[in-house]
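Asks: Got a sequence here, can you build the structure:
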Amino acid sequence: MAGRNQEDLEGISLLGNQGTQYPSQYAPEVLESFDNKHPYRDYFVKFNCPEFTSLCPITGQPDFATIYISYIPDIKMVESKSLKLYLFSFRNHGDFHEDCMNIIMNDLIKLMEPRYIEVWGKFTPRGGISIDPYCNWGKPGTKYEQMAEHRLMNHDMYPEKVDNR
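Replies: Now for the predicted structure:
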């Protein structure tokens, strides 16, 4: 299979751009997509962002998290540099953890219309408690909608194995 040509890369403006502007406010418009060259196959694309920050809407204090995004693409895929800039744009965004995860998922659904997507935030404990919101979505009327329902009901919030020896 041949690589991507210039036509395939139309609309990708951030990758390789040395003059990158970092948004200081929530900026869903920075998200860019490209065509999935394998729409005939189901496969997961996963992103782990260990440096996510947003602001508490009440205190203005920063909240820190690792964000996990997994999706099964359909026709479009999110370009990773634009995703990094988008997540960075939450740095001065004041919202609750649960809202941030749902906003991220909704923006990615709007951008790509994936077959399936899940977004999970593991927030650093504050005041002795951590919040780990998880949300998912499957394309309505498809097996992916059923997959989303099943995964939500059976989601293991702590998939990493802990060795208690």
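Asks: Where in this protein is the helix or strand with the lowest mean pLDDT?
Replies: helix 143-153 (a mean of 87; mean pLDDT, DSSP states H and E).
Asks: for that helix, which positions count as buried?
Replies: Residues Tyr144, Met147, Ala148, Arg151 are the ones in helix 143-153 that count as buried (16 or more other CB atoms under 10 Å). Where you see a C-beta, it was placed from the backbone N, CA and C, and this is true even at glycine.
Asks: do the same with stretch 52-68
Replies: Going by 16+ other CB under 10 Å, stretch 52-68 has these buried residues: Phe52, Ser54, Leu55, Asp63, Ala65, Ile67, Tyr68.
Asks: Likewise for stretch 82-99?
Replies: Quick answer for stretch 82-99 (16+ other CB under 10 Å): 82-91, 93-95, 97.
Asks: before we move on, back to that, I'd like the buried residues of helix 143-153 laid out as CSV, including distance to Glu32.
Replies: Output for these, formatted as CSV (distance: CB to CB, whole Å):
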residue, distance to Glu32
Tyr144, 23
Met147, 27
Ala148, 25
Arg151, 27
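Asks: for the residue nearest the centre of the chain, phi and psi?
Replies: Nearest to the geometric centre of the chain sits Ile69, at 4.1 Å (CA atoms, centre = their mean). The phi and psi values for Ile69, taken as degrees, to the nearest 10, are phi -120, psi 120.
Asks: wait, isn't it in contact with Met101?
Replies: No - look at Ile69 against Met101 with CB atoms under 8 Å: they stay out of range, at 9.6 Å.
Asks: Against Asp35, how distant is the residue nearest to the centre of the chain?
Replies: Plainly put, Ile69 is 19 Å away from Asp35 if you go by CB to CB, to the nearest Å.
Asks: What about the closest residue to Pro73 other than its chain neighbours, how many residues nearby?
Replies: Nearest-residue entry for Pro73: Asn36, 4.4 Å, with adjacent residues in sequence omitted and distances by CB to CB, 6 or more residues apart in numbering. Using other CB atoms under 10 Å, Asn36 has 18 neighbouring residues.
Asks: Tell me the bridge partners for the residue nearest to the centre of the chain.
Replies: Phe47, Val119 (DSSP bridges).
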